[in-house]
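Asks: Model the following, please.
(3 chains)
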Amino acid sequence: MTGTILGAPDIGRALTRIAHEILERNEGPESLVLLGIPTRGVPLAQRLAERIAEVEPSFDAHARCGSLDITMYRDDLRSQPTRSIGPTTLPSVGIDDATVVLVDDVLHTGRTIRAALDAIKDEGRPTAVQLAVLVDRGHRELPIRADFVGKNIPTSRSERVHVRLAETDGEDAVTLTGGRA
Amino acid sequence: MKHLLGTQDMSRADATLILDTTAQMAATQEREIRKLPTLRGRTVVNLFFEDSTRTRISFEAAAKRLSADVINFSAKGSSLSKGESLKDTALTLQAMGADAVVIRHWASGAADRLAHSGWMHGAVLNAGDGTHQHPTQALLDAFTMRRHLVDSPEGKGLDGLTVAIVGDVLHSRVAGSNIALLKTLGANVVVVAPPTLLPFGMASRTDISVHYTLDSALEAHDLDAIMMLRVQRERMTGGGSGFFPSPEEYTRLFGLDRARMDRMPDHAIILHPGPMNRGLEISAEAADSPRSVIVEQVSNGVAVRMAALYLLLSGEEAPSE
Amino acid sequence: MSDTAAIVIENASLYGDTTADLVIVDGRIASLDRADAPAGARTLDASGLVALPGLVDIHTHLREPGREDAETIETGSRSAAQGGFVAIHAMANTTPTADTAGVVELVASRGREVGLVDVFPVGAVTVGLEGTQLSEMGAMANSRAQVRMFSDDGKCVHDPVLMRRALEYVKTFDGVIAQHAQDPRLTEGAQMHEGLVSAELGLAGWPAVAEESIIARDVLLAGHVGSRLHVCHLSTAGSVDIIRWAKAKGIDVTAEVMPHHLLLTDESVRGYDPRFKVNPPLRTQEDVDAVRAGLADGTIDVVATDHAPHPDEDKDCEWGAAAMGMIGLETALGIVQKTMVDTGALSWRDVARVMSTTPASIGRDAEHGRPLEVGEPANITLVDPAAAWTVEPSATASRSNNSPFGGIELPGRAVATFLRGRPTYLDVSFEGAFA
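Replies: All right, here's what the predicted structure looks like:
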């Protein structure tokens, strides 16, 4: 399987569905905050927050959405070139006693999410942490699963999933490349 | 970046990266839990051949907040009493598995020598070598100035700002590092010192404005920042070797007092690398005024050293030289 | 191989300008024609080689007695022979100081035992090089070592009264004071030449004026008392001007320059590699140009090495803790060729003057620096001006390897050295030549 997996309309529908699922699961938006993991988790979190606000006008999308940089919590810093550190911006309402929905583009080994859980722990003490991802491509290396998934895409390890978003890349698309020919 | 030895050869891109990373580190230091797991399992050695409690504890705090193991190695031995050689110390640290060595040494060039002699493999951070360089001090000064004087500072330098450095430029590694970094970041540099305390050739440099009294510098420039250097007591006198006649005369010509402070633009800030000689190079009024960012320099020092340690130690191991 | 066997050096280029043979019998040049060679003489083909009067170094540190870990009279002599030298003047800053007849006789006699070069001890001007009391220069002059050159080298004879007395006193025995010109107050803690590079590197400066002010004072003193003065390791453009002025005034002054001051500048210090730490320090390109010009026009009289061996631990360390000095006996000739001969500034005949004739004359070495003529002592250096080589510091015969020239290519070198007719060094290319 190679080529475009999700187009812009697919991504839009998936995010709308996830927004509804988040509201259903949590019985409303009262204690919800969304934290995007840079780079592409941040605009995804903003889009989800806007969709939630469309359904629940009491939800202040701006105040309840932030970004969580996990670079300094990674366990693979030594095997990569030095990464520059992105900003962490917590929602203005804070995360203590909130239900935090972590948002990322692709769920793969689970190590990024492990790092994010450690980072959240140092930022405050939420009541619960949930995970929303646009794509789950499998190959987990840790006991981590997503609560909300846009699309499950079975992949081989050698394939690469690319998420492109209008905010960062000029267009919305999920593509798959590589793999054993 | 493999080592942080000085600012003279530092590119603008590297300098900006360090300052931007410092901003992120500084943000983590405003949280309740300030410790990060980033350098877990890495060993940072503070190797001090010269006493400097301030610099040592700043590096120590930086390393510990990044969860590195810190070993403090106070190597006795001065230019007068040669103790264990730098080479043997380096071999010892290599055997202990030091990933980074923070070195303070009385000899100019000691950090360069440690980095390039082949005695050890780890990253070397220069915490002050003789009268040569003290790069993290210059970086923390630049970070402090950028934060106060530049709008939305991320990714930016100090372009167009005018910064005066006042005092013993000849013996000051802080001045040496600051002048080079300020030029790299686009600032105008004004140096104020008696001719006896200027490095050879500086007065004829065309890229620096040199003044022999503070009043003439204040007259000629609208300063955005002024950096007062510490006057070392041993420079004052010494049987014909004094660099100026008396502390009183120094204060009259170079001291920053209320009147001189008031001649600077309203937004101008006051820096001092510490420890201060109150009443000598800076009056209490100036040191404690709202313009003074001297205390903030200390906290920024921890953040800038965290950034340096992160950038030197987090990535793939650089190929050895 | 008997030391006294006759040797014929065939087809040598004497002084680089006259092709002739050198027939050596009983340690002297017996003829310039191989036809005169006695039966059974060994021959050596010197085609393409330049023959010079054996080189004389008037500024060598042999370290023995006291620092035999750095150099001994034997290793230093071997290094000298390998560099083309037949005579060297051993400086007095040993432990104990060469300030008594006993020490200078010991050095001279050890030199004779080794027998590779003539070792002429230099006597200290002041007791213990302390600069306070004249040493017994008369006793050293009258000892078996026959000392004629006196120097506190390593330290300056700073006290002007003491310097005046020393200049006057050595007239008794036709001696000379060789001054290490360095004002001690202007160079306290000095680490390198004071200039833009020292400012950038944060190393305490050694200003040119600290050398020039002492030279100016001393030429005036020498003129005033009518004495002979020799200036050690002149290194600055200003010093060249002062010597030129003094000579024009008729003052009896001679001056030496070191190979490293002909080739290297303070830019070499940038890496803080202590092999470039030397006293007087490496100067600027302007100074290099001036000392080359001074050597070319005769203002500077001689090239001397200031061969200064140091053990590894004194160089494999941080700059501030490192010892000053560099070895140079084996590289001197190649550097002079590179900087002076190949640039057209000096002929080989001039090299003979600045590295043999004049130094021997300053040191009053009667049997050295003699012309390559019949009847003269067979002290001869053969130079291969086309034997380019890359300096490898660890390959030296010296006990120390603190050369700053590692990796530098030099155009030529000494390939054979004869002391009173006896080969004291033969390049590997001559292996079997005497078979």
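Asks: C:His59: which element?
Replies: Following DSSP states H and E, one finds C:His59 within strand C:55-60.
Asks: Any chance you could list what contacts that strand?
Replies: C:76, C:80, C:83-91, C:149, C:153, C:178, C:230, C:232-233, C:256, C:258, C:302, C:304-307, C:329, C:332-333, C:355-356, C:359-360, C:362-363, C:365, C:368-369, C:381, C:414 (CB atoms under 8 Å, 6 or more residues apart in numbering or on different chains). No exception for glycine: its C-beta is placed from N, CA and C like everyone else's.
Asks: List the contacts of C:Ile177.
Replies: Per CB under 8 Å, 6+ apart, neighbours of C:Ile177: C:Val125, C:Phe150, C:Ser151, C:Val157, C:Met163, C:Ala166, C:Leu167, C:Val170, C:Ser227, C:Arg228, C:Leu229, C:His230.
Asks: and it, helix, strand or coil?
Replies: With DSSP: H, G, I helix; E, B strand; the rest coil as the basis, C:Ile177 sits in strand.
Asks: Let me see the confidence value for it.
Replies: We have a pLDDT of 98 for C:Ile177.
Asks: Would it be right to say that A:Val174 lies in a helix?
Replies: No. Secondary structure of A:Val174 (three-state DSSP): strand, not part of a helix.
Asks: Run a quick neighbour tally on the residue lying closest to it once chain neighbours are set aside.
Replies: Nearest non-adjacent residue to A:Val174, counting by CB to CB, 6 or more residues apart in numbering or on different chains: A:Leu6, 3.9 Å away. Per other CB atoms under 10 Å in any protein chain shown, the neighbour tally for A:Leu6 reads 22.
Asks: What residues are bridge-paired with C:Val257?
Replies: Note on C:Val257: beta-bridge partners C:Val303, judged by DSSP bridges.
Asks: what's near enough to touch the residue in the stretch 201-321 of chain B positioned nearest to chain A?
Replies: For the stretch 201-321 of chain B, the residue closest to chain A is B:Gly315, as judged by CB to the nearest CB, at 3.2 Å. B:Gly315 sits next to A:Leu77, A:Arg78, A:Gln80, A:Pro81, A:Thr82, A:Arg83 when contact means CB under 8 Å, 6+ apart.
Asks: in the strand holding C:His59, what counts as buried?
Replies: Buried residues in strand C:55-60, counted by 16 or more other CB atoms under 10 Å in any protein chain shown: C:Leu55, C:Val56, C:Asp57, C:Ile58, C:His59, C:Thr60.
Asks: Spatially central residue in chain B, please.
Replies: B:Gln137 (1.9 Å; CA atoms, centre = their mean).
Asks: Could you grab the helix/strand/coil label for that residue?
Replies: helix.
Asks: neighbours around the closest residue to chain B within the stretch 51-200 of chain C, how many?
Replies: Closest residue of the stretch 51-200 of chain C to chain B, CB to the nearest CB: C:Ala199 (3.7 Å). By the criterion of other CB under 10 Å, C:Ala199 has 20 neighbours.
Asks: What backbone torsions are found at the residue of the stretch 251-400 of chain C found nearest chain A?
Replies: Residue nearest to chain A within the stretch 251-400 of chain C: C:Gly271 (26.1 Å; CB to the nearest CB). Dihedral angles of C:Gly271 (phi, psi; degrees, to the nearest 10) stand at phi -80, psi 0.
Asks: ok now the strand holding C:His59, how far from the chain's centre?
Replies: On the basis of CA atoms, centre = their mean, to the nearest Å, strand C:55-60 sits 3 Å off its chain's mean C-alpha point.
Asks: Mind exporting the C-alpha coordinates of the helix or strand just after it to PDB?
Replies: For strand C:55-60, the following helix or strand on the C-terminal side (DSSP H and E) is helix C:73-82. Presented in PDB, the C-alpha positions along helix C:73-82 are these (Å, rounded to 0.1, in the frame of the first residue of the first chain):
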ATOM      1  CA  ILE C  73      76.200  16.500  26.400                       C
ATOM      2  CA  GLU C  74      76.200  13.200  24.400                       C
ATOM      3  CA  THR C  75      72.700  13.500  22.900                       C
ATOM      4  CA  GLY C  76      73.100  17.200  22.200                       C
ATOM      5  CA  SER C  77      76.400  16.600  20.500                       C
ATOM      6  CA  ARG C  78      74.900  13.900  18.400                       C
ATOM      7  CA  SER C  79      72.000  16.100  17.400                       C
ATOM      8  CA  ALA C  80      74.500  18.900  16.600                       C
ATOM      9  CA  ALA C  81      76.600  16.700  14.400                       C
ATOM     10  CA  GLN C  82      73.500  15.500  12.600                       C
END
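Asks: list the helices and strands helix C:73-82 packs on?
Replies: Helix C:73-82 sits against strand C:55-60, strand C:85-90, helix C:101-114, strand C:413-419, strand C:422-426, with contacts defined as 3 or more CB pairs under 8 Å, 6 or more residues apart in numbering or on different chains; DSSP states H and E.
Asks: Okay, buried residues for the lengthiest helix in chain A please.
Replies: When chain A is parsed with DSSP state H, its longest helix is helix A:8-26. Within helix A:8-26, the residues that qualify as buried are A:Asp10, A:Ile11, A:Ala14, A:Leu15, A:Ile18, A:Ala19, A:Ile22, A:Leu23, A:Asn26, counting by 16+ other CB under 10 Å.
Asks: contacting residues around C:Arg63?
Replies: C:Ala70, C:Glu71, C:Thr72, C:Gly76, C:Thr94, C:Pro309.
Asks: Without its sequence neighbours, what residue ends up closest to C:Gly325?
Replies: Counting by CB to CB, 6+ apart, the residue nearest C:Gly325 is C:Ala308, at 2.7 Å.
Asks: burial measure for that neighbour, as a count.
Replies: 26.
Asks: So it is in contact with C:Met324, correct?
Replies: Yes. Using CB atoms under 8 Å, C:Ala308 makes contact with C:Met324 at a distance of 7.4 Å.
Asks: Common neighbours of these two, please.
Replies: Counting by CB under 8 Å, 6+ apart, the shared contacts of C:Ala308 and C:Met324 are C:Val278.
Asks: need the residues of chain A near chain B, please.
Replies: Contact residues, chain A versus chain B (CB under 8 Å from any CB of the partner chain): A:69, A:72-73, A:77-88, A:118, A:122-123.
Asks: Go again with 10 Å.
Replies: Within chain A, the residues that sit near chain B (CB under 10 Å from any CB of the partner chain) are A:69, A:71-75, A:77-90, A:115, A:118-119, A:121-124.
Asks: out of the residues you listed, which are inside helices?
Replies: The helices, defined by DSSP H, take in A:Ala115, A:Asp118, A:Ala119, A:Lys121, A:Asp122, A:Glu123 from those.
Asks: Are any of those buried, and if so which?
Replies: Burial by neighbour count, 16+ other CB under 10 Å: within these this picks out A:Ala115, A:Asp118, A:Ala119, A:Asp122, A:Glu123.
Asks: so what's the third one up against?
Replies: Residues counted as contacts of A:Ala119 (CB atoms under 10 Å, 6 or more residues apart in numbering or on different chains) are A:35, A:37, A:68-74, A:88, A:102, B:28, B:36-37.
Asks: Flag the shaky bits of the chain, pLDDT-wise.
Replies: I'll assume chain A. Along chain A, segments meeting pLDDT under 70 span A:1, A:180-181.
Asks: Wait, chain C was what I had in mind.
Replies: Counting by pLDDT under 70, chain C shows low-confidence ranges at C:1-4, C:432-435.
Asks: So which residues of the stretch 201-350 of chain C form strands?
Replies: C:205-206, C:229-231, C:253-257, C:302-303 (DSSP state E, counting those that start in this stretch).
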